[in-house]
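Participant: Provided below for reference: sequence and predicted model.
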Amino acid sequence: MSGHSKWASIKHKKAATDAKRGAAFTKVTREITAAAKDGGSNQDTNIRLRTAMNRAKEINMPNSNIENAIKKGTGELPGVIYENVVFDAYGPGGVAILIEGLTDNKNRTTAEVRSILNKKNGSLAGAGSTAWMFTAKGFVSIEKDKTTEEDLMDIVLDAGAEDIKTEGDYFEIICDPSDLEAVKEAMNSKNIPAVAAELTKIPGSTVKVVGTEATQLLNLMEALEDHEDVQAVHANFDIPDDEIEKAAE
């Protein structure tokens, strides 16, 4: 997970000051609407909705936008119906990629995702061919200068954290998806800010990728993540920190 989680941390930090806020609003709005449609409007019982709403607040989305997105999901307001889509793929170096999206036109999205993969040295794979490698988890990333590992363990283990790792400049917490909000609340109570806090998919094993293939892979990841219909991209790569940081610049 180290390479991909490092990438996630850097991308989240960059997004906070990025010029792509409009695109971020679109993605989060879709996620809120889909989450409300699938699990109802009660964020106390709908983990997916609660996570999406928190993400909306992090990017300063107005409350009226959030409320309207929920109402569109529950049918209280008219709106586009979005369908969950999942694509299995492979990237440079034989890296397994799992792409999750929301779309109002599956044929269009499939064609566009396939085009990105073909142009960026990847390929679409058969349904389920990579999904089995990933497990749903909650993921939180914290900059190491915000706390110590010992203090962090004392704070989050009782909240449901399963594992705490040190990856470069970050501490990374892994937990069950249902415990993500409890872990975040425990950190908030101690004024420890998170760089990233999200529901994700973690691979059971990783593939080492370096050099040209690493650059190609990260270019592919960024192109996929920038697509309007793509909500999340998971991959089992392990790329050295310096190469990830250089690519993120």
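Facilitator: Nice, I can see it.
Participant: packing partners for the longest helix anywhere in the chain?
Facilitator: Ranked by residue count, the top helix of the chain under DSSP state H comes out as helix 21-39. Judged by 3 or more CB pairs under 8 Å, 6 or more residues apart in numbering; DSSP states H and E, the packing partners of helix 21-39 are helix 47-58, helix 63-74, strand 95-103, strand 230-235. For every residue, glycine as well, the C-beta is placed using N, CA and C.
Participant: and T29, which of the ones you listed is closest to it?
Facilitator: Across these, T29 has its closest neighbour in helix 63-74 (4.7 Å, CB to CB).
Participant: now the angle from the following helix or strand past that closest one to helix 21-39?
Facilitator: Next in sequence after helix 63-74, counting helices and strands by DSSP states H and E, comes strand 83-91. Angle of strand 83-91 versus helix 21-39, following axes from the mean of the first three to the mean of the last three CA atoms, to 10 degrees, is 120 degrees.
Participant: for strand 83-91, buried residues please.
Facilitator: V85, F87, D88, A89, Y90, G91 (16 or more other CB atoms under 10 Å).
Participant: against I32, how distant is the third one?
Facilitator: This points to D88. As for D88, its distance to I32 is 26 Å (criterion: CB to CB, to the nearest Å).
Participant: same thing with the first one?
Facilitator: Separation of V85 from I32 (CB to CB) stands at 17 Å.
Participant: I66 contacts A35, correct?
Facilitator: No - in this structure, I66 is not within contact of A35 by CB atoms under 8 Å, at 11.3 Å.
Participant: and stretch 28-47, end to end?
Facilitator: Length of stretch 28-47, first residue to last, CA to CA, to the nearest Å: 15 Å.
Participant: tell me which residues of that stretch are tucked away?
Facilitator: Neighbour-count burial for stretch 28-47, counted by 16+ other CB under 10 Å, picks out 28-37, 39, 41, 43, 46-47.
Participant: kindly report the same for stretch 208-224.
Facilitator: Going by neighbour count (16+ other CB under 10 Å), the buried part of stretch 208-224 is V209, E213, A214, T215, Q216, L217, L218, N219, L220, M221, A223, L224.
Participant: find the nearest non-adjacent residue to I116, please.
Facilitator: Take I116 and drop its neighbours on the chain: the residue closest to it by CB to CB, 6 or more residues apart in numbering is A223, 5.0 Å away.
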